[in-house]
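Participant: Provide a 3D model corresponding to the input given below.
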Amino acid sequence: MSRIGKKPIEIPSGVEIKIDGNVITAKGPKGTESVTFRDEIKVSVQDNHIIVEPNSDDRKTNALHGLFRTLIANAVHGVSQGFEKKLEIVGVGYRANMEGTKLNMALGYSHPVIIEPPAGITLSVEANTKISVKGSNKQTVGDVAAFIRSKRPPEVYKGKGVKYEGEHIRRKAGKAGKK
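Facilitator: Residues are numbered from 1 along each chain as shown. Next up, the predicted model:
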């Protein structure tokens, strides 16, 4: 059995859980998230905890057990506290600002890079070089952050570009020059 799957998921105050067939829905202050789980998995709510159990003991079911426990735990965490990814812009003249809900970035191209966030995602900019992506769905937050980073990934010689906060860029030495 999965070690992760064995852990019960605590339901925080203010979060409402509803199980309807193979769909579990979590509703909280940050929004509503639902997870569709497979028939091999049994989900139940017992005294303020969500219990995820496998129906059989084969290898595939054990893998799904841990997976769906984590997906349900992420949905519960997302509707109660939310998820956030922070990005940093490094480079002379590289900057970002908000125009309404759209993110407008100057990344060294001849045109501005404008990104409109999907539903449920909030973008914010602090000090022209720090971008914050917030939302209740962990996967969507990560996808939007990766999409923003893909517009100008950090390069290895000077480190210029958009990087995650705390990301370490392995630097390469430039030309050695004549001897």
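
Participant: so what's residue 34 bridging to?
Facilitator: Counting by DSSP bridges, residue 34 is bridged to residue 25.

Participant: now do the contacts for it.
Facilitator: By Cβ atoms under 8 Å, 6 or more residues apart in numbering, the residues touching residue 34 are 23, 24, 25, 26, 75. Glycine gets a C-beta too; all of them are placed from N, C-alpha and C.

Participant: and the worst-scoring helix or strand of the chain on mean pLDDT, what other elements does it pack with?
Facilitator: Across the helices and strands of the chain, mean confidence by mean pLDDT, DSSP states H and E is lowest for helix 3-6: a mean of 82. Contacts defined by 3 or more Cβ pairs under 8 Å, 6 or more residues apart in numbering; DSSP states H and E place helix 3-6 against strand 49-54, helix 59-80.

Participant: got the CA positions of that helix in PDB?
Facilitator: Taking C-alpha atoms only, helix 3-6 is exported to PDB below (Å, rounded to 0.1, in the frame of the first residue of the first chain):
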ATOM      1  CA  ARG A   3       2.700   5.300   2.300                       C
ATOM      2  CA  ILE A   4       1.400   8.700   1.100                       C
ATOM      3  CA  GLY A   5      -2.100   7.200   0.400                       C
ATOM      4  CA  LYS A   6      -2.400   5.900   4.000                       C
END
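
Participant: could you look up the next helix or strand downstream of that helix?
Facilitator: strand 9-10 (DSSP states H and E).

Participant: outside of the longest strand seen in the chain, which residues touch it?
Facilitator: Criterion DSSP state E: the longest strand present in the chain is strand 83-90. Defining contact as Cβ under 8 Å, 6+ apart, one finds that strand 83-90 is touched by 77, 95-96, 105, 107, 128-138, 141-142, 144-145, 148-149, 154, 159-165.

Participant: if any of these are buried, put those into a PyMOL selection.
Facilitator: Command for PyMOL, covering only those of the contacts of strand 83-90 found buried under the criterion 16 or more other Cβ atoms under 10 Å:
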select buried, resi 77+96+105+107+131+133+134+135+136+137+138+141+144+145+148+149+154+160+161+162+163
